[in-house]
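Asks: Next come a sequence and a model predicted from it.
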Amino acid sequence: MQKITPHLWFDKQAKEAAEYYVSVFGDLPAQAGGSKVTSVQTIHDTPSGDADIVTFTLRGQDFMAISGGPLFKFTEAISFIVNCDTQEEVDHFWSKLSAVPESEQCGWCKDKFGLSWQIVPSAMGEMMSKGTPEQMGRVTQAFLKMKKFDIAALRAAYEG
């Protein structure tokens, strides 16, 4: 059992969101870890009506979600980082998760439920940790202009 499990609060869409995320993270078979909804429980007569409590796994990472009513909304203060090894992965997750074009910036996007995601190429972390100050500066200037990350453009900036 993992020590920390993210818990997401939805108005009424916890089950729908969990099923959607499982479909997004479960359809690239080369990746390790399973993605599935593991349980759905409904609690009746809560202050906001019936509440679904959903547990699900995305690539081996456990999550919980609740349909707890309209009391709380997601903000950009919380986001999930998806590390991608290829441009194909970046493109896949971006096309599935980005639903609010005005929120797209520097690899960040927002899904149809209002949850923020960072779709990040693993290569960028290597460039930013192993590069010279000049290389890191060029990569930074390149990614600040991007919405969805372009690995080839980041590499070109890195190499000068």
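Replies: Arrived safely. Numbers count the residues shown, from 1 in each chain.

Asks: Give me the domain ranges for the protein.
Replies: Per automatic domain parsing, the structural domains of the chain span 1-70, 74-160.

Asks: what's the least confident stretch among those?
Replies: Mean pLDDT per stretch puts domain 1-70 lowest among these, at a mean of 89.

Asks: measure that one end to end?
Replies: Taking Cα to Cα, to the nearest Å, the first and last residues of domain 1-70 lie 30 Å apart.

Asks: Three-state assignment for the closest residue to Gly114 other than its chain neighbours, please.
Replies: Residue nearest to Gly114 in three dimensions, not counting chain neighbours: Phe74, with 4.4 Å by Cβ to Cβ, 6 or more residues apart in numbering. Bear in mind the C-beta positions are built from the backbone N, C-alpha and C, glycine included. Classification of Phe74 using DSSP: H, G, I helix; E, B strand; the rest coil returns coil.

Asks: Phe74 and Pro6, how far apart?
Replies: Counting by Cβ to Cβ, to the nearest Å, the separation of Phe74 from Pro6 is 12 Å.
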